[in-house]
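K.L.:
How does the following fold in three dimensions:
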Amino acid sequence: MKKFTLMIATGLILFTVGINQAIAQRGGDDKYWERRKEADKKRHEYIREREKKRDEYYRERDKKEAEYYRESAKRRKEYYKERRKHGIPSWARAHRYDARHHVYFRDYRTFYDPYRGGYVYLDGGNWRFSASIPSFMINVDLGRANIRVMNDVPVDRHPEDFYDDYDEEYWEND
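P.N.:
Numbering: from 1, shown residues only. Below is the predicted model of the structure:
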């Protein structure tokens, strides 16, 4: 039993001496720890700078996004104000039209633009806008006219800008 206790005590002494020597050797290299501190300092500085840039980017992005939505809401408000002011056209009920899209009157090469509240038509190769029905369509029953609702053109864009994007088959066929 004495031998066993002596062996354990010797083992503990050797173990503590070994750890102390390892710590002493590591601690003796002051340059290592200085370089390590400097590297950690640089890393933390880099991370701080990167986070500042990221936060600035997010602030700018959020500001631009808020401005976009403010302008969008303003345009939408103006659109609905104009729509209430002018009302929907008399022919709209016959076609179950709700003024959310542009309408193309195929037989007359004329668009109804709900955003501007008027008609856009070809006149001598140029597009003209009129707040009222064009003179050549006055005696036409637009409730029975052949129309095409343009779902794929945004309502705040001019429909005549998209005329050349479609081929004649689109405009002539139903």
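
K.L.:
element containing the closest residue to Ile88 other than its chain neighbours?
P.N.:
Using Cβ to Cβ, 6 or more residues apart in numbering and skipping the chain neighbours, the partner closest in space to Ile88 is Ala99 (5.0 Å). All C-beta atoms are positioned from the backbone trio N, CA, C, and that covers glycine. Under DSSP states H and E, no helix or strand contains Ala99.

K.L.:
any idea how far Ala99 is from Ala92?
P.N.:
Ala99 sits 7 Å away from Ala92, going by Cβ to Cβ, to the nearest Å.

K.L.:
now do Ser135
P.N.:
Distance from Ser135 to Ala92, by Cβ to Cβ: 21 Å.

K.L.:
more crowded one of the two?
P.N.:
Set Ser135 next to Ala92 and count neighbours by other Cβ atoms under 10 Å: Ala92 wins out with 17 against 9.

K.L.:
that older thread, I'd say the residue nearest to Ile88 and Trp91 touch.
P.N.:
No - if you go by Cβ atoms under 8 Å, Ala99 and Trp91 don't touch, sitting 11.6 Å apart.

K.L.:
Spell out the secondary structure type for the spatially most central residue of the chain.
P.N.:
Nearest residue to the geometric centre of the chain (Cα atoms, centre = their mean): Glu65, 7.9 Å. What DSSP: H, G, I helix; E, B strand; the rest coil gives for Glu65 is helix.
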